[in-house]
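J.: next come a sequence and a model predicted from it.
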Amino acid sequence: MTPSLHFRPLRPAVAADGATTLDLMITVRSPEPPAASTKQRPGLNLALVIDRSGSMAGSKLSHARKAARFLAGELTERDRLAIVTFDEDVNVLVPSQPVRDPLLFISAINTIDAGGCTALFDGWLAGATQVANQVDPQGLNRVLLLSDGQANEGLTDADAIAAKVEGLTQRGISTSGFGLGSGFDEDLMGAVAAAGDGTLAQIESPKQLADLYASELQGLASTVGRKVSLGIRAKHGAELVDVLNDLPQTTAGNLQLLNLRYGQELGVGVRLQLPAWAPNQEIASVRLAWDAPDAEGRQELIEQLTLPVKPQAELDGLEADPAVAEQLALLQANRERRLAIEELDRGDLHAALASLAAIDKRLAALPQTEGVQRERRLLTEKQALMQQDRNLSRKRLRNESLRSSLNVWEGDDDNG
């Protein structure tokens, strides 16, 4: 069972006698899950890294311990787990080992108490080392980083930390960033999750942690492709001019996609610029590549994009595909939230509100499908929240801006 590639243009043809701006959705469809009895999930090699700085005291740490106990109880002896805590110091509570007896982990988790400052990078590095020392090329290797604060001990620069995380990702070890409460650094956590090919989560209530861990385990168990890349090579004078998802690039210059999960679709919105086009001429070659947990070597799938060719006058009369128009508009709305964030950071509340209103106005011109209505509700909520709690509004906007390039956990509601 392998994924498939599908092309769906905004308009179903290109011009023979003039230039064409080709807006296109490229969709990666993962296979449906096999029957539960026919395939065993790959083993997990995890490190849970918990911030125990002073700000975690009370309900935050209580729920963090509870969620960690849940995680240990859900794993089996085929899985490995390490427990690491940090404040200004780092403590490997339980070195990486198979989860033969969850009680061993649970007893250690129960000893976690609150401390001092936040050496976030050092904590992550200790967890990453535990995973790296036991890395399983055929399994799934991940660091789960939970923090409620900002890095203020050791390495603190977000770009430098993300570069270290990315280096480990190239070795097949991913990182998820879980920010808890209102004090965590959403830019740093977003950078860590993006560089780590993992999940980004904003947890506003520590009670959500158990649901988050359950979702993370489910996602890992359903993973069928890691280190996923999409290479788009325009041909015959065509040019790739934009990728709406703002995806990071691999070292080879390809787009880094989310991990592939059973039954999931990943959509990438692109814009190509074409000169006058000849019939049956390939527009682009698209290559999907991934590592499969149950196969050796790099897997790949290559498809060629071709479209019918029509006179410009006829092309101008073709209706746009409403489903593609909606997908592209939602991707653009994710991207444009960044402008509102920049305006908030400059202290210009009026401009930030106007930017969100402009996004909503464009979405109002589309058919009001369930997806468009949900997006407009999110925008309305952020406009109201901006005037009450700019910090929380910024965090939610950052999460939403990254949905098209990261696996962003949104819980069971609309972040309302």
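T.: Cool, the structure landed. Remember, it's a predicted structure, so these values are computed and weren't measured experimentally.

J.: spatially nearest residue to residue 5 (excluding sequence neighbours)?
T.: With C-beta to C-beta, 6 or more residues apart in numbering as the criterion, residue 5 has its nearest non-adjacent residue at 4.5 Å, and that residue is residue 303. To be clear about C-beta, it is placed using only N, CA and C from the backbone, and glycine gets the same treatment.

J.: thought residue 294 was touching residue 42?
T.: Yes - counting by C-beta atoms under 8 Å, residue 294 sits close enough to residue 42 to count as a contact (6.9 Å).

J.: ok, these two, which is more surrounded?
T.: Neighbours were counted for residue 294 and for residue 42 using other C-beta atoms under 10 Å; residue 42 has more, 21 against 10.

J.: who are the contact partners of that one?
T.: Contacts of residue 42 were listed using C-beta atoms under 8 Å, 6 or more residues apart in numbering, and they are 136, 138-140, 223, 293-294.

J.: quick check: residue 94 is in a strand.
T.: Yes - counting by DSSP: H, G, I helix; E, B strand; the rest coil, residue 94 falls inside a strand.

J.: count of neighbours near it?
T.: By the measure other C-beta under 10 Å, the count of residues near residue 94 is 19.

J.: just say helix, strand or coil for the nearest residue to it once chain neighbours are set aside.
T.: Taking C-beta to C-beta, 6+ apart, and ignoring the residues beside it in sequence, residue 94 has residue 83 as its nearest neighbour in space, at 4.2 Å. For residue 83, the assignment made with three-state DSSP gives strand.

J.: pLDDT score assigned to residue 83?
T.: Per-residue confidence for residue 83 comes out at a pLDDT of 97.

J.: same check on the one 5 residues further on?
T.: At residue 88, the pLDDT value in this model is 91.

J.: number of residues surrounding the residue lying closest to it once chain neighbours are set aside?
T.: When the adjacent residues along the chain are set aside, residue 88 lies closest to residue 117, with 4.1 Å between them (C-beta to C-beta, 6+ apart). Applying the criterion other C-beta under 10 Å, we find 17 residues in the vicinity of residue 117.

J.: from residue 47, how far off is residue 117?
T.: Distance from residue 117 to residue 47, counting by C-beta to C-beta, to the nearest Å: 21 Å.

J.: list the contacts of residue 344.
T.: For residue 344, the residues meeting the contact criterion (C-beta under 8 Å, 6+ apart) are 352, 386, 390, 393-394, 397.

J.: quick check: closest non-adjacent residue to it.
T.: Excluding the flanking residues, the one nearest residue 344 by C-beta to C-beta, 6+ apart is residue 352, at 4.7 Å.

J.: likewise residue 109?
T.: In space, and not counting its chain neighbours, residue 109 is closest to residue 68: 4.6 Å by C-beta to C-beta, 6+ apart.

J.: now residue 369
T.: Leaving out its chain neighbours, the residue that sits closest to residue 369 by C-beta to C-beta, 6+ apart is residue 326, at 6.3 Å.

J.: secondary structure class of that neighbour, three-state.
T.: What three-state DSSP gives for residue 326 is helix.

J.: if I look at it, how far off is residue 265?
T.: In this view, residue 326 and residue 265 are 14 Å apart by C-beta to C-beta.

J.: over to residue 158?
T.: In this structure, residue 158 lies at 31 Å from residue 265, with C-beta to C-beta as the measure.

J.: between the two, tell me which one has more neighbours.
T.: Summary of the neighbour comparison: residue 158 and residue 265, criterion other C-beta under 10 Å, with residue 158 having more neighbours (18 against 12).

J.: residue 53: neighbour count?
T.: By the other C-beta under 10 Å criterion, the neighbourhood of residue 53 contains 26 residues.

J.: and the longest strand seen in the chain, what does it pack onto?
T.: What stands out as the longest strand in the chain, according to DSSP state E, is strand 223-234. In terms of contacts (3 or more C-beta pairs under 8 Å, 6 or more residues apart in numbering; DSSP states H and E), strand 223-234 is packed against strand 20-29, strand 255-256, strand 260-261, strand 265-274, strand 284-291.

J.: how about the ones you listed in a markdown table, adding distance to residue 235?
T.: Compiled in a markdown table, the helices and strands packed on strand 223-234 are given as follows (distance: least, C-beta to C-beta, whole Å):
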| stretch | distance to residue 235 |
| --- | --- |
| strand 20-29 | 13 |
| strand 255-256 | 17 |
| strand 260-261 | 26 |
| strand 265-274 | 10 |
| strand 284-291 | 6 |
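
J.: out of these, which gets nearest to residue 234?
T.: strand 284-291 (4.9 Å; C-beta to C-beta).

J.: can you list the domains in the chain?
T.: 4-30+224-316, 44-221, 322-409 (automatic domain parsing).

J.: let me know which of the ones you listed is tucked in deepest.
T.: Across the domains of the chain, averaging neighbours per residue (mean count of other C-beta atoms under 10 Å) puts domain 44-221 on top, at a mean of 20.

J.: can you give the distance of it from its chain's centre?
T.: The gap between the average C-alpha position of domain 44-221 and the chain average comes to 16 Å, counting by C-alpha atoms, centre = their mean, to the nearest Å.

J.: about what we covered before: any idea how far the residue nearest to residue 369 is from residue 95?
T.: From residue 326 to residue 95 the distance is 49 Å (C-beta to C-beta).

J.: ditto for residue 366
T.: Counting by C-beta to C-beta, the gap from residue 366 to residue 95 is 53 Å.

J.: can you check residue 139 too?
T.: 18 Å.

J.: what about the stretch 1-150 of the chain, any weak spots by pLDDT?
T.: Where the stretch 1-150 of the chain drops to pLDDT under 70, the residues are 36-39.

J.: show me where it has strands.
T.: Remark: strands of the stretch 1-150 of the chain, listed N- to C-terminal, are 4-9, 14-15, 20-29, 44-51, 80-86, 90-98, 140-147; assignment by DSSP state E, counting those that start in this stretch.
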